[in-house]
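[1] Structure of the sequence below:
(one chain, ligands or ions: 1)
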Amino acid sequence: MSREVIKCIECGKEYSSDEIFYACPACNNLLEVILPLSDLDRDSLRTAFDSRPLSVWRYRELLPRIGRQSPITMNEGGTPLHSCSRLGERFGVGNLFIKFDGMNPTGSFKDRGMTVGISKALDLKVKAVACASTGNTSASLAAYAGLANIGCIVIIPSGRIALGKLSQAMMHGATVLAIEGNFDDAMALVMKASEELNLYVLNSVNPFRLEGQKTAAFEICDQLGSPPDILVIPVGNGGNSAAYWKGFTEFKKVGLSEDCPKIYGIQAVGAAPIAKAFERGEERIEPISDPETVATAIRIGNPANWKKTIRAIDASGGTSISVSDEEIIEAQKMIAEMEGMFVEPAGAASIAGLIRLLESGRLDRDRRIVCVATGHGLKDPDSAIKNSKKPIEIGPTIEGIRAALHI
Ligand code: F0G
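    Predicted coordinates for the structure are as follows:
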């Protein structure tokens, strides 16, 4: 028997965590993992965590039980929480940090979830894993499936994922299926395929994957010594923002922190069903049929986790807004030029959102603010090259340099 259960977020029905469900069989809503937190003692947890390096599995008492002796891991997590003094000064924020989760083994936060998800897949003795992806999930799943020696199928929207991510999925040996259509079509197909072809889905509808992702919230609390006041995070399918909220609330429940931050979920204007729901003041989304944005990772019109994330953001006292492609690229450049971090466009959406929130007077500058940078800039070299100054072609001479520098 596993110690945790999976529970429907709507009707509350509980199921054994040894069963494979992505939605409640009774009412078709999303499921979440419920751990027996009341059995845990704050001081012993603190001692155990402090004895291990900052990483996903440092928090193993707050993660689902892995039946195998050890999880499938590449020491994911333990990513830097970078103090942004230059950006902070520019925007008048004294305490501004970026959690650079692009520093995970495959270059995105997905690895936090995959170490738990793939370990669970082996426990469940599934033969193959699958996902639909805008790129990062496929790169991460391919790597972890290789490590676990298990079959891997990824379904991507043809021609619409960033080059670095595609190259990773291919290099790690996954079977890459490219469909005509967008991410939402790929997602619908993978869910259908999971039933008919018996594939274990490791998209964020899998509640075990989100358990791994919530550890980023634990890490931020430990890196700062207490939770921030504000967390600003890009939102696509809505899994990561919901996972952070679960992490912050669980840390508080076990007595390891006293507060939870307000969560601000940032979407791209052309792919913003969740931000629009907040604008309308409604608890439900209207899917967008043809989402478009330069931040291809979050080019999603029908987010699978919309209900979880709307509830999480609402419960935190935050909100969701959208930013334009121009604001995203501008923020990406500022982070690179002023803070030394190369983040992919979707990862820069949080900073773009922060700037918008500050300038519209919706955030206090004296708060302690953490922005999440979800993926590494090397994932999307095409957009970086397109949006940066071109190299100046010169002859191999000092005169050439002088001419280029106008000196
Ligand atoms: N940032 C990056 C870099 C992402 O790759 C994603 C999602 C998100 C933010 C949004 O996270 O979906 O949990 O709200 N990428 C998925 C993928 C959809 O297939 O790689 P979310």
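
[2] need the contact list for the residue most central in space within the chain.
    Per C-alpha atoms, centre = their mean, the C-alpha nearest to the average position across the chain is that of residue 240, at 4.3 Å. By C-beta atoms under 8 Å, 6 or more residues apart in numbering, the residues touching residue 240 are 109, 204, 210, 213, 233-234, 372, 374. Yep, even glycine has a C-beta here, placed from its N, CA and C like the rest.

[3] And it, how far from residue 232?
    According to C-beta to C-beta, to the nearest Å, residue 240 stands 12 Å off from residue 232.

[4] Would you check which of the contacts of residue 240 are in contact with the ligand?
    204, 234, 374 (C-beta under 6 Å from any ligand atom).

[5] quick one: which of the contacts of residue 240 has the most company?
    Within the contacts of residue 240, residue 109 tops the neighbour count with 34 neighbours, counted by other C-beta atoms under 10 Å.

[6] wait, doesn't residue 312 sit right on residue 245?
    Yes: Residue 312 lies in contact with residue 245 (C-beta atoms under 8 Å); the separation is 3.5 Å.

[7] Give me the common contacts of these two.
    With C-beta under 8 Å, 6+ apart as the test, residue 312 and residue 245 both reach residue 263.

[8] For those two, work out which one has more neighbours and name it.
    Neighbours per residue, other C-beta under 10 Å: of residue 312 and residue 245, the larger number sits with residue 245, 26 against 22.

[9] which of the contacts of residue 240 lies closest to the ligand?
    Among the contacts of residue 240, residue 374 lies closest to the ligand (C-beta to the nearest ligand atom), at 3.3 Å.

[10] Spatially nearest residue to that closest one (excluding sequence neighbours)?
    residue 347 (4.5 Å; C-beta to C-beta, 6 or more residues apart in numbering).

[11] ok, now residue 320?
    residue 265 (3.9 Å).

[12] Any figure for the gap between that neighbour and residue 211?
    Taking C-beta to C-beta, one finds residue 265 at 20 Å from residue 211.

[13] Between those two, point out the one with more neighbours.
    Neighbours were tallied for residue 265 and for residue 211 using other C-beta under 10 Å; the higher tally belongs to residue 265 (32 against 27).

[14] Hmm, residue 314 and that one touching each other?
    No: using C-beta under 8 Å as the test, residue 265 is too far from residue 314 to be in contact (10.3 Å).

[15] ok so, going back, cross the ones next to the ligand among the contacts of residue 240 against helices and list the overlap.
    Within those, no residue falls in helices by DSSP state H.

[16] can you redo those as TSV with pLDDT?
    Output for those, formatted as TSV (pLDDT from 0 to 100):
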residue	pLDDT
204	96
234	98
374	98
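
[17] Identify the residues contacting residue 375.
    Residue 375 touches 101-102, 107-109, 136, 297, 343-344, 346-347, counting by C-beta under 8 Å, 6+ apart.
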